[in-house]
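>>> only geometry, no sequence info:
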Ligand code: MN
Ligand code: MN
């Protein structure tokens, strides 16, 4: 080993055998992305795949043996999975936490209206979106509708051959003044209205003929009325499939890589563990990260303590002892250095596409505000673990210091007295309706998560 760091592109070091495994992994990830476009769908897909691998729903008081696989479904929007290890939980657990909510446009509480003979649904954006990216692209509506009798309808309006929706934009011919506005103001949030119909009901006396026609169609097909849209969670998501990008097929474009690309990596790593781990391995799909991790399904929720405490109780262990000895990989994406926007990046410290999983000692903004700053010991631990397991990694930051910043669930795990570090896949066009990652980085993140779970 030389005395200097050699930064290497992954394609200069990956073996042909590993390339095959990488392609298999990328295929599985693309399938997952096409099945799950919302946090609820991620939980559903996760349960489907986990049960096929022997995971069972956790029930209070359940007797647990090493090798047992359980999951805890928190309200259909957040899920914790565990494989019980040989060592007692007082020795700590190996945890990986990712989030499965992504930036999107939620429907407003009273969404339906008509204007000038067109029917619309009003939206309220969720998370950090650049609003101009959401106009003139095909969109779908996914979520749940709770009917008057309390029954729940799960919908994917616009999926497959179904009609899609769109938010219109001004034509350039009449967009002179719009073009002069700052980008953040060019498309006001109140203009993000989904176009959903243009045909009136035949009755000329009807009060709202365009709204009514849409509701009649929905009523016919799903048995719902307008008031049902008020007790609903409907998320506007892009109608794009996850696809390979580039003549060399080395990249994957999809909606919601942030942070399903890490969620899938940790989940697949848990599913693929062949031996009973030394320490209990825990995989988390958290909700609400994009808006601050609050609420019953966010990473700040005590639902996680509750689940861990239940596991600990089954061994007569205090959950605080477990946390003190646990390790958590806060698996979240970071910005990949984009040469087109090189001016905001810091080329000595930013993540490169195809250089492997990005480890971030800290996130935050400006003077590390809001950061969970991992210790040298923790970075040293992960460095050793990844080197020993053939995981290609890079130690990164996110952009030039004064350009901005971001956070993850790391601080909420660290606040629980769990040794925590951020690591994940570098992303191009993060938070856009169609983000880009590299297959190699996805695969290395999977390998990294596997190394974490299998650590003694
Ligand atoms: Mn994220
Ligand atoms: Mn994000």
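Cool, got the structure. In this text, all values refer to a predicted model and were calculated from it rather than measured experimentally. Ligands and ions are numbered 1, 2, ... in the order given.
>>> Next, the buried residues of the top helix by length along the chain.
The residue-count maximum for a helix in the chain (DSSP state H) belongs to helix 16-35. For helix 16-35, burial by neighbour count (16 or more other Cβ atoms under 10 Å) applies to 18, 22, 25-26, 29-30, 32-33. From N, CA and C alone the C-beta is placed, and that goes for glycine too.
>>> what do you get for stretch 264-284?
264-271, 273, 277-284.
>>> Which residue would be the closest one in the stretch 301-450 of the chain to ligand 1?
When scored by Cβ to the ion, the stretch 301-450 of the chain has residue 332 as its residue closest to ligand 1, at 4.2 Å.
>>> Leaving out chain neighbours, which residue sits closest to that residue?
residue 408 (4.1 Å; Cβ to Cβ, 6 or more residues apart in numbering).
>>> quick one: the one you found and residue 302, what's the gap?
Going from residue 408 to residue 302 by Cβ to Cβ, to the nearest Å gives 19 Å.
>>> More neighbours: which of the two?
Between residue 408 and residue 302, counting by other Cβ atoms under 10 Å, residue 408 is the more crowded of the two (31 against 9).
>>> So which bits of this structure are right by ligand 1?
258-259, 332 (Cβ under 5 Å from the ion).
>>> What count of nearby residues applies to residue 196?
23.
>>> Work out for me the element it sits within.
For residue 196, the element it lies in under DSSP states H and E is strand 193-197.
>>> Please list all residues in contact with residue 262.
98, 331-333, 424-425, 445, 449 (Cβ atoms under 8 Å, 6 or more residues apart in numbering).
>>> could you pull out the helices for the stretch 1-150 of the chain?
For the stretch 1-150 of the chain, the helices defined by DSSP state H, counting those that start in this stretch cover 16-35, 39-52.
>>> Can you lay out those helices as TSV showing mean pLDDT?
Putting those into TSV (pLDDT from 0 to 100) gives the following:
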stretch	mean pLDDT
helix 16-35	98
helix 39-52	98
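>>> Is it possible to get TSV of those helices that adds distance to residue 249?
As requested, those are exported to TSV (distance: least, Cβ to Cβ, whole Å):
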stretch	distance to residue 249
helix 16-35	9
helix 39-52	24
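>>> Where do the domain boundaries of this structure fall?
Following automatic domain parsing, the chain resolves into domains at 10-102+255-454, 104-238.
>>> Most tightly packed of these?
domain 10-102+255-454 (a mean of 20; mean count of other Cβ atoms under 10 Å).
>>> Any idea how far that domain is from the middle of the chain?
Between the centre of domain 10-102+255-454 and the centre of its chain there are 10 Å (Cα atoms, centre = their mean, to the nearest Å).
>>> Against which helices or strands is whatever helix or strand residue 185 lives in packed?
Per DSSP H and E: residue 185 is located in helix 183-186. Contacts defined by 3 or more Cβ pairs under 8 Å, 6 or more residues apart in numbering; DSSP states H and E place helix 183-186 against no helix or strand at all.
>>> residues in contact with that helix?
By Cβ under 8 Å, 6+ apart, the list of residues contacting helix 183-186 from outside reads 130-132, 178-179.
>>> One more pass at 7 Å, please.
132, 178 (Cβ atoms under 7 Å, 6 or more residues apart in numbering).
>>> Residue 247: which of the domains of the chain is closest?
domain 10-102+255-454 (14.0 Å; Cβ to Cβ).
>>> Quick check: end-to-end length of that closest one?
23 Å (Cα to Cα, to the nearest Å).
>>> cool, and stretch 286-305?
Chord length of stretch 286-305, first to last residue, is 13 Å (Cα to Cα).
>>> Just the mean pLDDT for that stretch, thanks.
On average, the pLDDT along stretch 286-305 is 97.
>>> so how far is residue 230 from the residue lying closest to residue 122 once chain neighbours are set aside?
In space, and not counting its chain neighbours, residue 122 is closest to residue 108: 4.3 Å by Cβ to Cβ, 6+ apart. Per Cβ to Cβ, residue 108 is found 10 Å from residue 230.
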